[in-house]
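Q: For reference, the sequence and a predicted model appear below.
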Amino acid sequence: MFDSLSSKFSSAFASLRKKGRIKSGDLTEILDEIRLALLDSDVALEVADSFIERINARTANSLDEINRGINPSQAVFDIVHEELVAILGGTARRIRYAKVAPTVILLTGLQGAGKTSLAGKLAKYLKDQGNTPILVASDLQRPNAVTQLQVVGESVGVPVFAPEPGNGIGDPVKVAKSGLAFAKDKQHNIVIVDTAGRLGVDAELMAQARNIRDAVNPDEVLFVVDAMIGQDAVKTAQAFLDGVGFDAVVLTKLDGDARGGAALSITEITGRPIMFAATGEKVGDFDLFYPDRMASRILGLGDVQTLAEQAKKAFDGESAAKLEEKFASGDSFTLDDFLSQLEAMKKMGSMTKLLGMLPGMNSGAMKKQLDNFDESELVRTQAIVQSMTPAERTDPKILNGSRRVRIAHGSGRQVSEVNSLVERFTQAQKVMKQMRNGGGLPAGMALPPGMALPPGAGKAPGGQKPPKKKSRSGNPAKRAASS
Amino acid sequence: MALFSKLFAKIRSGSLSSQDWLELERSLIESDLGARSAHEVIELAKKVKGESLEDSVTEILETWLSAQDRTIANAPDRTTTILVVGVNGTGKTTSVAKLAQLLHSRGSSVMVAAADTFRAAAIEQLQTWGGRIGIPVVAGKAQGDPASVAFDAISQAISSNSNYLIIDTAGRLHTKSGLMDELEKIRRVVEKISPIDEVLLVVDATTGQNGITQAKTFAEKLHVTGLIATKMDGSTKGGIALAIERETGLPVKFVGTGEGIGDLQVFDSKRYLHGLISD
Ligand SMILES: Nc1nc2c(ncn2[C@@H]2O[C@H](COP(=O)(O)OP(=O)(O)O)[C@@H](O)[C@H]2O)c(=O)[nH]1
Ligand SMILES: [Mg+2]
């Protein structure tokens, strides 16, 4: 998300950076560009305008001061960043638990926003933290919304309270109320109430939402909204705020390329923070929303923090420590270590998604490299290593022609691919040795996929280069392919 | 608000100021037409002399409409097959049901296929609709292969001489190339037996500028023949529909105006454009 917004910002600031001193004409130009970028990203017109006005007020009056500083363009950039964070909600807010359990969470939003899927993700997230949530099926409108919630509940191992079949039958207010009573009785500490989608302009359904709210007296009312929504975000959010009221926002479908300007609009207009972000169709594709990270991402600074956390999650503590130790002690890095890294990387999810979080990755050239990156190469490489014997993995030097042919057969790859992998691995080993000895990464040399260093070893993730396509030239082992 | 009528009244008295033009531009931006397009309209409209403002703006917008046929395909002597695609939650399944109802009410025999095997209870959702309309629904197993459901459906539609087969598919973001390939596979498999006559992309009318990317990407991958713009009953003016027509040349064929089975209208460009510039 925000991709295009961040590339617009990047280019706007790149032109500013070329100038040493900033004249007020430069500022007007760059603010115009930013305004257009915001509108292209579906930031509501009034929000874009007040944003620009604020930046203008903060910069225009202090241009002299800004220009006296060491880095004027950086100063402007910082102001824009600060204001973005301010709109996006300052610091991240967490669920407020009720003093007396159960904590009641009510989900509301437009049709198709993703409430039911979100209900499942939220339930799983809370359950993983040791809670005992229950889902309540109060969407009795959309055909088989109840069935959907039941399937979702089952897949995350959370019970679903669904006394009514739905499809137009049953009273959602009564279901919510009895759901709460049931939860208390069964000592669930969290109740998540799913409701039907409704339009802001639908007075009758808005009244129903209010009635559901009053029946369960929720601790958190969450407004669930599709990140792809356009200018209407403002009207709709306001209608929900007036109609049912909400405490926080959940942005869904952030895994697409929507620019997500609605995030800015809704928080600015309603004063409610964004709490969660849904980033995919799987139940685990769900995370807290971090305003500061998102602002950095908008500005093309990358999301290093998220990357580091995901990396930590993917490498289980032990193997990371082991790798780190190996790296530090100078033990040779074997293909086995490589394999476990590959597995960890696959756990980390899409390579490109991860790399997209790195600083500068949203700029033109980097983006192109990323788009060209072939994820399936990871899988192919893994297959090749898995077809090696333990001895071969520990000491690739023993890989003669016939062994390579056998590995190629076993993994269903070409011998040339085996050769290329071995060559790249050997090279990476050299690079690691060199880095360990304080040499740093040789100029122009990139680590092949899967050869990233374990977290904590050597460089910060931001220092790594994106993987390049393998080169097959000049490989002495090529002879093995024809043997 | 009645902005346009206020401004239209002003122009008749010849007193439109630059502030008024700006207001006009803002209201077009707020319809999701896109900032650049809105600006363009205003610049063009300023140059038109001696006509009512409403007429000149409408005329400019009309030139951006798709010139393609807006009627639904109808193959006279075989099953007409319609594939319905789009991102998650736009209203595909509901639109499949509404379209089936529309064709059914016109006297055609219609079969629908539940090729969304991915989302929980999507199959049941379509089956519920099918039951309400009284038409056959071809379905497979949840999490099964959507292409094989589509294959079964086209085989059954042909053997039962069905006039129409409408295939519902799982929502997918246009950025997921694997899932986009899956659609192509569905198309390939069906077309081994019988041609697909329409690929309808369902777009939520509340969508912002991302709608253009959606339409472009789907159109690149599949031979999209038209759009259904849903949720036009909300507070949105649905300017993205015109933006998509302008950018891709694809025609909006239907608009969704509610959750009921009858809430599907044939796209009426006059009404739509009027809605875009009046309030
Ligand atoms: N108000 C309104 N709601 C709609 C319209 N079309 C679909 N919906 C609702 O949007 C939600 C998602 O629809 P569904 O057909 O399940 O979307 P799919 O995921 O694309 O198949 C449901 O709650 C529908 O009732 C429409 O034209 N107007
Ligand atoms: Mg569906």
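A: Looks like it arrived, so ask away. Because the structure is a prediction, the values reported are computed rather than measured. Ligands and ions are numbered 1, 2, ... in the order given.
Q: tell me the phi and psi of the residue lying closest to residue B:122 once chain neighbours are set aside?
A: Spatial nearest neighbour of residue B:122, chain neighbours left out: residue B:116 (3.9 Å); criterion: C-beta to C-beta, 6 or more residues apart in numbering or on different chains. Where C-beta positions appear, they are placed from N, C-alpha and C, glycine not excepted. Phi and psi for residue B:116, reported as degrees, to the nearest 10, are phi -90, psi 90.
Q: Please name the nearest non-neighbouring residue to the residue of the stretch 101-250 of chain A at minimum distance from ligand 1.
A: Nearest to ligand 1, among the residues of the stretch 101-250 of chain A, is residue A:111, at 3.2 Å (C-beta to the nearest ligand atom). Nearest residue to residue A:111, sequence neighbours excluded (C-beta to C-beta, 6+ apart): residue A:197, at 3.2 Å.
Q: Please identify the helix or strand for the one you found.
A: For residue A:197, there is no helix or strand it lies in under DSSP states H and E.
Q: Next up, the contacts around it.
A: Residue A:197 makes contacts with A:109-113, A:115, A:139, A:141-142, as judged by C-beta atoms under 8 Å, 6 or more residues apart in numbering or on different chains.
Q: how does it look with 7 Å?
A: Going by C-beta atoms under 7 Å, 6 or more residues apart in numbering or on different chains, residue A:197 touches A:109-113, A:115, A:142.
Q: can you pull the pLDDT of it?
A: The per-residue pLDDT reported for residue A:197 equals 97.
Q: Over to residue A:138?
A: pLDDT at residue A:138 comes out at 97.
Q: measure it to chain B for me?
A: Applying C-beta to the nearest C-beta, to the nearest Å, the value for residue A:138 to chain B is 16 Å.
Q: Phi, psi for the nearest residue to that residue once chain neighbours are set aside please.
A: Leaving aside its sequence neighbours, residue A:138 sits nearest to residue A:172 (C-beta to C-beta, 6+ apart; 4.1 Å). Main-chain torsions, residue A:172, degrees, to the nearest 10: phi -60, psi -30.
Q: Next up, the contacts around residue A:172.
A: Contact analysis of residue A:172 by C-beta under 7 Å, 6+ apart lists A:138, A:140, A:195-196, A:208, A:212.
Q: who wins for most neighbours among those residues?
A: In terms of neighbours by other C-beta atoms under 10 Å in any protein chain shown, the contacts of residue A:172 top out with residue A:138 at 33 neighbours.
Q: Quick check, that one in contact with residue A:195.
A: Yes. Here residue A:138 reaches residue A:195: they are 5.0 Å apart, a contact under C-beta atoms under 7 Å.
Q: Give the residues shared as contacts by the two.
A: Contacts common to residue A:138 and residue A:195, judged by C-beta under 7 Å, 6+ apart, are A:172, A:212.
Q: any idea where the strands of the stretch 1-150 of chain B begin and end?
A: For the stretch 1-150 of chain B, applying DSSP state E, counting those that start in this stretch gives strands covering B:80-85, B:110-115, B:137-139.
Q: any idea which of those strands is most buried?
A: strand B:110-115 (a mean of 28; mean count of other C-beta atoms under 10 Å in any protein chain shown).
Q: residue in the stretch 1-150 of chain B nearest to chain A?
A: residue B:89 (3.1 Å; C-beta to the nearest C-beta).
Q: ok, now which ones touch that residue?
A: A:112-114, A:226, B:171.
Q: Those residues: which two are farthest apart?
A: Using C-beta to C-beta, the contacts of residue B:89 span at most 12.4 Å, a distance reached by A:113 and B:171.
Q: In terms of packing, which of the two has more residues around it?
A: A count of neighbours by other C-beta under 10 Å puts residue A:113 above the other of residue A:113 and residue B:171, at 28 against 23.
Q: Just the terminal-to-terminal distance for stretch A:209-223.
A: Chord length of stretch A:209-223, first to last residue, is 12 Å (C-alpha to C-alpha, to the nearest Å).
Q: what sits up against that stretch?
A: With contact meaning C-beta under 7 Å, 6+ apart, stretch A:209-223 is reached by A:95-96, A:98, A:103-109, A:138, A:172-173, A:176-177, A:180, A:193, A:195, A:198, A:237, A:240, A:243-250, A:275.
Q: buried stuff in stretch B:91-108?
A: Neighbour counts over stretch B:91-108 (16 or more other C-beta atoms under 10 Å in any protein chain shown) mark B:91-104 as buried.
Q: out of the residues you listed, which touch chain A?
A: With C-beta under 7 Å from any C-beta of the partner chain as the criterion, the buried residues of stretch B:91-108 include residue B:91 near chain A.
Q: Could you dump the buried residues of stretch B:91-108 into JSON lines with pLDDT and distance to residue B:201 added?
A: Shown next, in JSON lines, are the buried residues of stretch B:91-108 (pLDDT from 0 to 100; distance: C-beta to C-beta, whole Å):
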{"residue": "B:91", "pLDDT": "97", "distance to residue B:201": "11"}
{"residue": "B:92", "pLDDT": "98", "distance to residue B:201": "9"}
{"residue": "B:93", "pLDDT": "98", "distance to residue B:201": "14"}
{"residue": "B:94", "pLDDT": "98", "distance to residue B:201": "15"}
{"residue": "B:95", "pLDDT": "98", "distance to residue B:201": "10"}
{"residue": "B:96", "pLDDT": "98", "distance to residue B:201": "13"}
{"residue": "B:97", "pLDDT": "98", "distance to residue B:201": "17"}
{"residue": "B:98", "pLDDT": "98", "distance to residue B:201": "15"}
{"residue": "B:99", "pLDDT": "98", "distance to residue B:201": "13"}
{"residue": "B:100", "pLDDT": "98", "distance to residue B:201": "18"}
{"residue": "B:101", "pLDDT": "98", "distance to residue B:201": "20"}
{"residue": "B:102", "pLDDT": "98", "distance to residue B:201": "18"}
{"residue": "B:103", "pLDDT": "98", "distance to residue B:201": "18"}
{"residue": "B:104", "pLDDT": "98", "distance to residue B:201": "22"}
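Q: Quick check: mean pLDDT of stretch A:379-398?
A: Per-residue pLDDT over stretch A:379-398 has a mean of 85.
Q: likewise stretch A:111-118?
A: Mean predicted confidence for stretch A:111-118 is 96.
Q: hmm, it touching ligand 2?
A: No. Contact of stretch A:111-118 with ligand 2 is not found when judged by C-beta under 5 Å from the ion; the minimum separation is 9.2 Å.
Q: list the buried ones in that stretch?
A: When burial is assessed from 16+ other C-beta under 10 Å, stretch A:111-118 yields the following buried residues: A:111-118.
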